[in-house]
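return atomic coordinates for the entry below.
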Amino acid sequence: MYLYYLFHCAASRSELKQEEFHPMVNTIVDAMLKECRKEQLAYKQHALSALGDTLSSLDIDRFDEVYSIVEDTLAKVCLQH
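A predicted model of the protein is given here:
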């Protein structure tokens, strides 16, 4: 979650949308996606929420990657019940 707060405090959204920041933004989003793949469900829920806020605020499309994580998580939860 530290990355989420750092990301939102680092610069304004409009600055982060500029071409020069794309490598940094992609690195941070990739790190957030990695956090979303962790096994602990409660942690994963918070990580996905933070990722969703970040992707939405910066108009970034990572649907396929997020869907894959959510689909896998839902499958595991359904198997437990």
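
helix, strand or coil for the residue nearest the centre of the chain?
For the chain, the residue nearest the mean C-alpha position is residue 51 (2.6 Å; CA atoms, centre = their mean). Classification of residue 51 using DSSP: H, G, I helix; E, B strand; the rest coil returns helix.

was I right to think it contacts residue 32?
Yes: using CB atoms under 8 Å, residue 51 is in contact with residue 32, at 4.7 Å. (C-beta placed from N, C-alpha, C; glycine too.)

if I look at the residue nearest to the centre of the chain, how far off is residue 28?
Shown here: residue 51 relative to residue 28, a distance of 10 Å by CB to CB, to the nearest Å.

if we can go back for a sec, mind pulling up the pLDDT for the residue nearest to the centre of the chain?
Looking at residue 51, its pLDDT stands at 94.

name all residues that make contact with it.
Counting by CB atoms under 8 Å, 6 or more residues apart in numbering, residue 51 makes contact with 4, 29, 32, 33, 35, 36, 66.

surely the last one meets residue 48?
Spelled out, it's residue 66. Yes: between residue 66 and residue 48 there is a contact under CB under 8 Å: 7.4 Å.

any common contacting residues for the two?
The contact sets of residue 66 and residue 48 overlap at residue 36 (CB under 8 Å, 6+ apart).

now for residue 47, how many residues are close by?
22 (other CB atoms under 10 Å).

buried ones in whichever strand or helix holds it?
Applying DSSP states H and E as the criterion places residue 47 in helix 41-57. Under the neighbour-count criterion of 16 or more other CB atoms under 10 Å, helix 41-57 has 44, 47, 48, 50, 51, 54, 55 buried.
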